[in-house]
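> this one's structure only:
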């Protein structure tokens, strides 16, 4: 991979992913599935749910659906801390 980085630095991410997948397993490169119900159980007033999103991510539908299922639509609040 050191040689690859010297001649094709744009391919090093893919090569690293392939190496980790082959030697450690695919579980180490696959992101976990987000379960809002599990995260809600772990939250409290002192530890609220905070979503730090990447470009294109939108948990609003999941959040609103979960709030409706738990009959908490009036209690839940969404606050944007940046550009939307």
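Great, that's in hand. Everything numeric here is computed off the predicted structure, so don't read it as measured data.
> outline the domain layout of the chain.
Residue ranges for the domains of the chain, per automatic domain parsing: 1-30, 32-78.
> okay, the ones you listed in JSON lines with mean neighbour count and mean pLDDT next?
Where you see a C-beta, it was placed from the backbone N, CA and C, and this is true even at glycine. Converted to JSON lines, the domains of the chain look like this (neighbours: other CB atoms under 10 Å; pLDDT from 0 to 100):
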{"stretch": "domain 1-30", "mean neighbour count": "11", "mean pLDDT": "93"}
{"stretch": "domain 32-78", "mean neighbour count": "10", "mean pLDDT": "82"}
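> for this protein, just list every one of the strands.
Read by DSSP state E, the chain holds no strands at all.
> give me the residue at the spatial middle of it.
For the chain, the residue nearest the mean C-alpha position is residue 34 (6.7 Å; CA atoms, centre = their mean).
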